[in-house]
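>>> build the 3D model from these lines:
(2 chains)
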Amino acid sequence: MKFSIPIGPQHPALKEPISLRMTVEGEVIRDADIRLGYNHRGIEKLAEEKTWIQNIYLMERICGICSHSHATCYVQGVEKLMDIVPPKRALYLRFLVAELERVHSHLLWLGVAGHEAGFDTFFMYTWRDREIVMDMLEAISGNRVHYAINTLGGVRRDLDEGLRQKILGQLDILRRRTEYYLKIGANEPTFVARLAGVGKLSKEKAMDLCAVGPTARASDIARDVRRDDPYGIYAETPFEVSTADTCDVLGRVVVRVKELFQCYNLIEFMLKNLPAGEVKVKAPRRAKPGEVVSRYEAPRGGNIHYIVSGGADKPERLKVRAPTLANYPATVEMLKNGFIADIPLIFAAIDPCICCAERTVETVDLRTGEEKVLRFSELRALAKERFDKNPRKGTGLWPF
Amino acid sequence: MNDLDTIERIKGALGSRIVEMTNPAPGRIFMTVAVEDLVSVMTNLKRDLGFWYLATISGFDKGDAFQILYHFGLEGGNLNVRTQIPKPAGPDGASADKTAPHLPSICAVIPGAILYERELQDMFGIVVDNIPDPRRVVLPDDWPEQNFPLRKDWKFERPPEVIPGGKK
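Numbers count the residues shown, from 1 in each chain, chains lettered A, B, ... in the order given. Sure, this is the predicted structure:
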């Protein structure tokens, strides 16, 4: 007997609307299907009607966690189209925010992974530390979520000396605590046992399915846009691509923790070598006709924008591909032959998070091949019918 | 790997199938191929040159034609394979299948392309031949037929609001 269990699109455990349909045989998932589009807002069409400046704020609102990623990817593409070069200090500040964003996103993710693995202390710890980063971001940009620090030709706010020293000081706390998490992650036997071997994605499969970001890097694919196709200041900053070869959820945790240390190094480097000078140059209202492909390494993986300008003050076409979309085919592969109990963990490993199954099931009678979706009430009626036909002997008595 | 090496390698593998090749910026290579050669070009790129990472596929409505761009992420840059298919006449793509633009599916070579090809079908009304899974991906199930949002002649009109039972 195979069951098809729908999860979502609206579910108390889902942070975002997405529909998953798992075909299960007992506890084992045989096939998975993902249905998207519940959150499709038509941003690409809308972008064609907004000016270059307005689109920065539209791009920022694609996502709440990696808002800076989309804005930066868009801004650096448009700057190329407009032929303007932002001052050095502006670039350093822009990518300082980018790395801080990566830290907050990875800390958030570590917490979610801990929570899904049933290790809620870990979740509380990492989210406490995430507040430190959020406070830094608020001090730099004035906002906690949509930083709105990018503009065409530079950044909108400068950083003063006091704040610079303060961030450097807090970086030490973060580094110390992340070391502690690495120790826990590698040595806590229950945590390791829960994550190891779950959600296998072989290197060949990851390549076939074009996986990106930490998901690909945990399958031993050393791909990172910051190194492969250096944008902004990454050609001159010290950093290494973190990989793991275990191809499972544990590997994805390890990659993200290692990346945190790289982020701290980058932030420290940027703050210590912050050049003096202006933070923006004036941008023209129109861009020359042309096309540009802008790539950016977001916390979840490679982000790509394709921008076409027709010479007006609006883009002709703005194509956005966010990293999570690229990881869906790989997720289906990871879920296959796993257990139902691992769904939240595997799904959390790419970033959205799903908990328990819903209350409608589709039953497939393998003998007749008949498929049927049963409501909970019908299921209950069936159970009652069965119970009434086979009454238990000796009707139980309520003890009190 | 620098751009010149990459271009040489691609030229060696593809030969005369390259219609045009440009290198407008460091790390950005644009290559045009005919739509008939698309699948064989993709096969060569992946099997012989090891370009496995297809970042995305972007469609673009140029008015009289659709430009399809396959973005590859390489170690040391980015390769964009461009191809064009004619756009059917008529404001809304006219009478479906006979005039609908067709594009071959590359999923047999690069399985990860499936979501991008489904998105092309939804947003541009391009029929992708031999696609393993032709269902809609981003548009809702009750979306009207022959409405392709990213075509330039498609305009969004907010449907008039109907209050059940009328306004009181």
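>>> mind checking the SS state of the spatially most central residue of chain B?
Ranked by distance to the mean C-alpha position of chain B (Cα atoms, centre = their mean), the top residue is B:Ile68 at 3.9 Å. At B:Ile68 the chain is in strand, as set by DSSP: H, G, I helix; E, B strand; the rest coil.
>>> find me the pLDDT at it, would you?
With respect to pLDDT, B:Ile68 has a value of 94.
>>> what parts of chain B come near chain A?
B:24-25, B:27-28, B:52-56, B:58-61, B:69, B:71, B:73-78, B:80, B:110-116, B:123, B:136-140, B:149-150, B:156 (Cβ under 8 Å from any Cβ of the partner chain). In this view, the C-beta of every residue, glycine as well, is placed from N, C-alpha and C.
>>> C-alpha coordinates for stretch A:39-52, CSV please?
C-alpha atoms of stretch A:39-52 as CSV (Å, rounded to 0.1, in the frame of the first residue of the first chain):
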residue,chain,number,x,y,z
ASN,A,39,4.0,32.9,-3.3
HIS,A,40,4.5,34.1,-6.9
ARG,A,41,4.1,37.8,-6.8
GLY,A,42,4.9,38.7,-10.4
ILE,A,43,8.0,40.7,-9.5
GLU,A,44,9.8,40.2,-12.8
LYS,A,45,6.8,41.8,-14.7
LEU,A,46,6.4,44.6,-12.1
ALA,A,47,10.1,45.4,-12.4
GLU,A,48,9.6,46.3,-16.1
GLU,A,49,7.4,49.1,-15.0
LYS,A,50,9.6,50.6,-12.4
THR,A,51,12.6,52.8,-12.7
TRP,A,52,16.2,51.7,-12.0
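>>> that one: which residues count as buried?
A:40, A:43-45, A:47, A:50, A:52 (16 or more other Cβ atoms under 10 Å in any protein chain shown).
>>> which ones among these lie within helices?
A:43-45, A:47, A:52 (DSSP state H).
>>> can you name the two of those residues that are farthest apart?
A:Lys45 and A:Trp52 (16.5 Å; Cβ to Cβ).
>>> just give me the closest of the ones in helices among the buried residues of stretch A:39-52 to chain B.
Chain B lies nearest to A:Lys45 out of those, by Cβ to the nearest Cβ, at 5.3 Å.
>>> what's the nearest residue to the closest one if we skip its chain neighbours?
B:Pro149 (5.3 Å; Cβ to Cβ, 6 or more residues apart in numbering or on different chains).
>>> re earlier: export the buried residues of stretch A:39-52 as a markdown table, with columns for pLDDT.
Shown next, in a markdown table, are those (pLDDT from 0 to 100):
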| residue | pLDDT |
| --- | --- |
| A:His40 | 84 |
| A:Ile43 | 89 |
| A:Glu44 | 89 |
| A:Lys45 | 90 |
| A:Ala47 | 91 |
| A:Lys50 | 92 |
| A:Trp52 | 94 |
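>>> so which of those residues is the closest to B:Pro88?
Nearest member of those to B:Pro88, counting by Cβ to Cβ, is A:Lys45, at 20.2 Å.
>>> OK, contacts around A:Ala186?
A:192, A:254 (Cβ atoms under 8 Å, 6 or more residues apart in numbering or on different chains).
>>> heading C-terminal from the helix or strand of chain B with the lowest mean pLDDT, find the next helix or strand.
Lowest on mean pLDDT, DSSP states H and E among the helices and strands of chain B sits helix B:96-99, with a mean of 55. Sequence order places strand B:102-104 as the next helix or strand after helix B:96-99, per DSSP states H and E.
>>> pull the distance from that next one to the chain's centre.
9 Å (Cα atoms, centre = their mean, to the nearest Å).
>>> pick out the residue of chain B closest to chain A.
For chain B, Cβ to the nearest Cβ, closest residue to chain A: B:Gly112, 3.1 Å.
>>> ok, which stretches of the stretch 201-350 of chain A are strands?
A:290-298, A:301-309, A:315-321 (DSSP state E, counting those that start in this stretch).
>>> dump those strands into JSON lines; add mean neighbour count as well.
Shown next, in JSON lines, are the strands of the stretch 201-350 of chain A (neighbours: other Cβ atoms under 10 Å in any protein chain shown):
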{"stretch": "strand A:290-298", "mean neighbour count": "23"}
{"stretch": "strand A:301-309", "mean neighbour count": "25"}
{"stretch": "strand A:315-321", "mean neighbour count": "22"}
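>>> dump those strands into JSON lines; add distance to chain B as well.
Shown next, in JSON lines, are those (distance: least, Cβ to the nearest Cβ, whole Å):
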{"stretch": "strand A:290-298", "distance to chain B": "6"}
{"stretch": "strand A:301-309", "distance to chain B": "5"}
{"stretch": "strand A:315-321", "distance to chain B": "4"}
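>>> could I get these as a markdown table with mean pLDDT and distance to A:Arg89?
Output for those, formatted as a markdown table (pLDDT from 0 to 100; distance: least, Cβ to Cβ, whole Å):
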| stretch | mean pLDDT | distance to A:Arg89 |
| --- | --- | --- |
| strand A:290-298 | 93 | 20 |
| strand A:301-309 | 92 | 24 |
| strand A:315-321 | 91 | 28 |
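>>> can you list those strands in TSV and add distance to A:Val28?
Shown next, in TSV, are the strands of the stretch 201-350 of chain A (distance: least, Cβ to Cβ, whole Å):
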stretch	distance to A:Val28
strand A:290-298	33
strand A:301-309	28
strand A:315-321	33
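>>> nearest to A:Asn187, of those strands?
When the strands of the stretch 201-350 of chain A are compared by Cβ to Cβ, strand A:301-309 sits nearest A:Asn187, at 28.2 Å.
>>> run me through the strand neighbours of that closest one, direction for each.
When pairing is defined by DSSP bridges, strand A:301-309 lines up against strand A:290-298 (antiparallel), strand A:315-321 (antiparallel).
>>> could you export stretch A:75-90 as PDB, CA atoms only?
Extracted C-alpha coordinates of stretch A:75-90, given in PDB (Å, rounded to 0.1, in the frame of the first residue of the first chain):
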ATOM      1  CA  VAL A  75      22.700  47.100  -8.100                       C
ATOM      2  CA  GLN A  76      26.100  45.700  -9.300                       C
ATOM      3  CA  GLY A  77      24.600  44.700 -12.600                       C
ATOM      4  CA  VAL A  78      22.900  48.100 -13.200                       C
ATOM      5  CA  GLU A  79      26.200  49.800 -12.300                       C
ATOM      6  CA  LYS A  80      27.900  47.900 -15.100                       C
ATOM      7  CA  LEU A  81      25.100  48.900 -17.500                       C
ATOM      8  CA  MET A  82      25.400  52.600 -16.400                       C
ATOM      9  CA  ASP A  83      29.200  52.400 -16.600                       C
ATOM     10  CA  ILE A  84      29.700  53.800 -13.100                       C
ATOM     11  CA  VAL A  85      32.200  52.500 -10.600                       C
ATOM     12  CA  PRO A  86      31.300  53.000  -6.900                       C
ATOM     13  CA  PRO A  87      34.100  54.200  -4.600                       C
ATOM     14  CA  LYS A  88      36.200  51.700  -2.700                       C
ATOM     15  CA  ARG A  89      34.800  52.600   0.600                       C
ATOM     16  CA  ALA A  90      31.300  52.000  -0.700                       C
END
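>>> buried ones in that stretch?
Quick answer for stretch A:75-90 (16+ other Cβ under 10 Å): A:75-82, A:84, A:86-90.
>>> the stretch 1-150 of chain A: helices as residue ranges?
Taking DSSP state H, counting those that start in this stretch to define them, one finds helices in the stretch 1-150 of chain A at A:43-47, A:52-60, A:67-82, A:88-116, A:120-141.
>>> alright, that wraps it up for me.
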